[in-house]
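>>> no sequence on this one, just coordinates:
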């Protein structure tokens, strides 16, 4: 158990819908990262937050948004869902920001868009 | 961005066998992580190893940063070792860039 929690574990929804994925980082970690794992793209970085502030953006679609709250948990919002958004979404956390920090991954949320 | 290549892409082992997985990266790094993704999809941290050698039970890893590669050794493999092994290095000082993974199947 990495100490990173994610809910829900599974999510099945329809095209056009909106969903929210939730992540709680390890105790003491200030950075939260979101990654998407799809069959054709592998593991791709989406976005990073550090202590409530957006720090870096990767290949995140405009239909997707995220935030980190004062208690440091983070939510990833996916809207106008398409079939291609079906994937495993991981949250990771680290103590600080910067490349020296070890990232610990949560169990993931498996999203299926029908 | 930094390129990460893993080999071999697939590995089939008989229980009890030893194996070596390789990770090459295209630029100097100050961090390298190895993960195991089990059949249920969970990504499990194995090693944080920017350089040198570490051991954890039947697994060990070595990173030679100056030559831009890392090796993961699995000894006396068990069926529970099956899954996909990823190496990842930092890119742009914040995100991890992952290799395509090595799929390991251990047969009883």
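Arrived safely, thanks for sending. If you're wondering where the values come from, they're calculated on a predicted model, not measured in any experiment.

>>> tell me, how many residues neighbour the residue lying closest to residue A:14 once chain neighbours are set aside?
Spatially, and ignoring its direct neighbours in sequence, residue A:14 is nearest to residue A:114 (5.6 Å; Cβ to Cβ, 6 or more residues apart in numbering or on different chains). All C-beta spots, glycine's among them, are computed from the backbone N, C-alpha and C. Taking other Cβ atoms under 10 Å in any protein chain shown as the neighbour definition, residue A:114 ends up with a count of 10.

>>> surely residue A:114 meets residue A:16?
No: the pair residue A:114 / residue A:16 is not scored as a contact, 10.9 Å apart, by Cβ atoms under 8 Å.

>>> picking up where we left off before, for the residue nearest to residue A:14, give its distance to residue A:89.
From residue A:114 across to residue A:89, the span is 17 Å (Cβ to Cβ, to the nearest Å).

>>> tell me where the model's unsure across chain B.
Low-confidence segments of chain B, defined by pLDDT under 70, are located at B:93.

>>> residues of it that sit close to chain A?
Proximity of chain B to chain A, by Cβ under 8 Å from any Cβ of the partner chain, involves residues B:29-31, B:33, B:35, B:41-45, B:48, B:50, B:86, B:88, B:90, B:92-98, B:100-101.

>>> one more time with 7 Å
By the rule Cβ under 7 Å from any Cβ of the partner chain, the part of chain B lying against chain A is B:30-31, B:33, B:41-43, B:45, B:48, B:90, B:93-96, B:98, B:100.

>>> pick out the most distant pair among those.
Taking Cβ to Cβ as the measure, the residues of chain B next to chain A span a maximum distance of 28.8 Å, between B:30 and B:41.

>>> which residues does the residue lying closest to residue A:87 once chain neighbours are set aside bridge with?
With Cβ to Cβ, 6+ apart as the measure, residue A:38 is the residue that lies nearest to residue A:87, at 4.1 Å, once sequence neighbours are left out. Beta-bridge pairing for residue A:38 (DSSP bridges): residue A:42.

>>> kindly report the same for residue A:113.
Using DSSP bridges, the beta-bridge partners of residue A:113 come out as residue A:13.

>>> is it true that it touches residue A:15?
Yes: at 5.9 Å, residue A:113 and residue A:15 qualify as touching, with contact defined as Cβ atoms under 7 Å.

>>> which one of those two has more residues nearby?
The neighbour count for residue A:113 versus residue A:15, taken as other Cβ under 10 Å, is higher for residue A:113 (19 against 12).
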